[in-house]
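Participant: sequence and computational prediction follow.
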Amino acid sequence: MAIEVRIPTILRTYTDGAKQVEGHGSTLGELLIDLDRKHGGLRERLVDDGGLRRFVNVYLNDEDVRFLAGLDTPVKDGDTVTVLPAVAGGGM
Amino acid sequence: MRYENLLDSLGHTPLVGLPRLSPSDDVRLWAKLEDRNPTGSVKDRAAFFMVAQAEKEGLLSPGATIIEPTSGNTGISLAMVAKLRGYRLIVVMPENTSEERRQLLRMYGAEIIGSPAAGGSNEAVRVAKRIAAEHPDWVMLYQYGNEANARAHYETTGPEILNDLPEITHFVAGLGTTGTLMGAGRYLREHKPGVKIVAAEPRYGELVYGLRNVDEGFVPELYDPTVLTTRFSVSSADALRRTRELIAAEGIFAGISAGAALHAGLAMAAKAVTEQEQADIVVLIADGGWKYLSTGAYDGTLDEAEDRLEGQLWA
């Protein structure tokens, strides 16, 4: 078992085109560090000094991690993490 | 009920119980039926308030031109208000929005400028801003940053809900411009301590996000995350499934974003049941299903409907 991470099209240059990759860790922050070992450069596109980048949204099992504990959000095997760029969608 | 004109009939929409979708007598779901507005969507509230505010500020004189980026409902609402108030309206909308919306807009006399489907609403916003800059005399109400959008819900939607359901514990609505959640959410938080404000954000197919660089994303200026308790990303598949459940279980023919809100509402309901808490959860039904018929959302199996919806903006 591992944590499944869905990658948006724009970042698949870091995952050899893979739509989803797997990683390990006990928090989201650890998971991203683990992913960066296999997919160098990916983490830097998602995280800066202040935490998650402004236009990056990360969801743990569909819930926005900014409303959980951000990079400190606990993750476990079987979870699904979805990364998406922020768009002006919906409610129009 | 009698009104002097169509605009006066805005709001005061029904709040109806969802007894078949509610898990128990202690955990109940309610639907705020915003399709019962003059043009059939929640956007009538924001459109009316934004135009009224611009008039108050002297930005709009008779015959003035309004330009706005919108994938549909706001455009239709603005077209109605503009028609009744004597303004010309130009809407900038992505090419992957439904034909019904285009017909409605044209019928109301609005002009449509298409923006590339790839890039979705972000692109429409960019195009509209560029055109507005070229025409300084045109007025862009800009729903994403216009405080009157959120204020419409602070002054009307929020009070209506609290008046009808003083025991409310959760308010769930779709997240787009964020106006509904910011306005109604703020009002409810101020008047009902402990109330949870939950956003259901549509998660589209890859085409919509495909070309977006993560460095040039978009967050509406109105958005204040401190108003929200949490925020869910709802896939097209889940939104569609719940939209159909609304018809099957409760007889409500709603648009797809309502299904997304219901999905998040049911997640909160399940949580309340697990934690043995009492809950009264209001789910905002932003519009009816009529404008989405051509998307095939209501036809055939869910898988077929999901395939047809790929690449379309459904909220």
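Facilitator: Here it is on my side, so go on.
Participant: could you see whether chain A lies near stretch B:280-291?
Facilitator: Yes: for stretch B:280-291 and chain A, the contact criterion (CB under 8 Å from any CB of the partner chain) is met by B:Ala286. (C-beta placed from N, C-alpha, C; glycine too.)
Participant: buried stuff in that stretch?
Facilitator: B:Asp280, B:Ile281, B:Val282, B:Val283, B:Leu284, B:Ile285, B:Ala286, B:Asp287, B:Gly288, B:Gly289, B:Lys291 (16 or more other CB atoms under 10 Å in any protein chain shown).
Participant: again, but for stretch B:222-235
Facilitator: So for stretch B:222-235, counting by 16+ other CB under 10 Å, buried means B:Leu222, B:Tyr223, B:Val227, B:Leu228, B:Thr229, B:Thr230, B:Arg231, B:Phe232, B:Ser233, B:Val234, B:Ser235.
Participant: stretch B:86-93 now?
Facilitator: Those would be B:Tyr87, B:Leu89, B:Ile90, B:Val91, B:Val92, B:Met93, for stretch B:86-93 by 16+ other CB under 10 Å.
Participant: now do stretch A:43-60
Facilitator: A:Arg43, A:Arg45, A:Leu46, A:Val47, A:Leu52, A:Arg53, A:Phe55, A:Val56, A:Asn57, A:Val58, A:Tyr59, A:Leu60.
Participant: of the buried residues of stretch B:222-235, which belong to strands?
Facilitator: Using DSSP state E, B:Thr230, B:Arg231, B:Phe232, B:Ser233, B:Val234, B:Ser235 are the members of those that sit in strands.
Participant: wait, what's in contact with the first one?
Facilitator: Spelled out, that is B:Thr230. A:Glu63, A:Asp64, A:Phe67, B:Lys196, B:Val198, B:Ala199 (CB atoms under 8 Å, 6 or more residues apart in numbering or on different chains).
Participant: at 10 Å instead, please
Facilitator: A:63-64, A:66-68, B:172, B:196-199, B:264, B:267-268 (CB atoms under 10 Å, 6 or more residues apart in numbering or on different chains).
Participant: what about those residues, which are in strands?
Facilitator: Using DSSP E, the contacts of B:Thr230 in strands are A:Glu63, A:Asp64, B:Val172, B:Lys196, B:Ile197, B:Val198, B:Ala199.
Participant: most neighbours out of those residues, which is it?
Facilitator: B:Ala199 (32 neighbours; other CB atoms under 10 Å in any protein chain shown).
Participant: can you pull the pLDDT of B:Leu309?
Facilitator: Predicted confidence (pLDDT) for B:Leu309: 79.
Participant: apart from its chain neighbours, what residue comes closest to residue 35?
Facilitator: No chain was given, so I picked chain A. A:Gly23 (4.4 Å; CB to CB, 6 or more residues apart in numbering or on different chains).
Participant: hmm, I had chain B in mind actually
Facilitator: Using CB to CB, 6+ apart and skipping the chain neighbours, the partner closest in space to B:Asp35 is B:Gly288 (3.8 Å).
Participant: state the distance from the residue lying closest to B:Arg241 once chain neighbours are set aside to chain A.
Facilitator: Nearest non-adjacent residue to B:Arg241, counting by CB to CB, 6+ apart: B:Leu302, 5.8 Å away. Distance, B:Leu302 to chain A, using CB to the nearest CB, to the nearest Å: 18 Å.
Participant: quick check, B:Leu302 in contact with B:Arg244.
Facilitator: Yes: applying CB atoms under 10 Å, one finds B:Leu302 in contact with B:Arg244, separated by 7.2 Å.
Participant: please identify which of those two sits among more neighbours.
Facilitator: Set B:Leu302 next to B:Arg244 and count neighbours by other CB under 10 Å: B:Arg244 wins out with 18 against 13.
Participant: shouldn't that one be within a helix?
Facilitator: Yes: B:Arg244: assigned to a helix according to DSSP: H, G, I helix; E, B strand; the rest coil.
Participant: quick one: residues contacting it.
Facilitator: Contacts of B:Arg244 (CB under 10 Å, 6+ apart): B:Ala254, B:Ile256, B:Gly259, B:Gly289, B:Ala297, B:Tyr298, B:Leu302, B:Ala305.
Participant: find me the pLDDT at A:Thr80, would you?
Facilitator: 97.
Participant: and it, what is it in contact with?
Facilitator: A:Ile3, A:Glu4, A:Val5, A:Arg6, A:Gln20, A:Tyr59, A:Leu60, A:Asn61, A:Asp62.
Participant: beta partners of it?
Facilitator: A:Glu4 (DSSP bridges).
Participant: separation between it and B:Leu33?
Facilitator: Here the criterion is CB to CB, to the nearest Å. By it, A:Thr80 lies 33 Å from B:Leu33.
Participant: and for B:Leu60?
Facilitator: In this view, B:Leu60 and B:Leu33 are 30 Å apart by CB to CB.
Participant: got it, and B:Asp280?
Facilitator: For B:Asp280, the distance to B:Leu33 - CB to CB - is 16 Å.
Participant: go on, B:Gly185?
Facilitator: Per CB to CB, B:Gly185 is found 19 Å from B:Leu33.
Participant: so between those two, which is more surrounded?
Facilitator: Neighbour totals were compared for B:Gly185 and B:Leu33, and B:Gly185 leads with 28 against 20 (other CB under 10 Å).
Participant: this completes my enquiry, with thanks.
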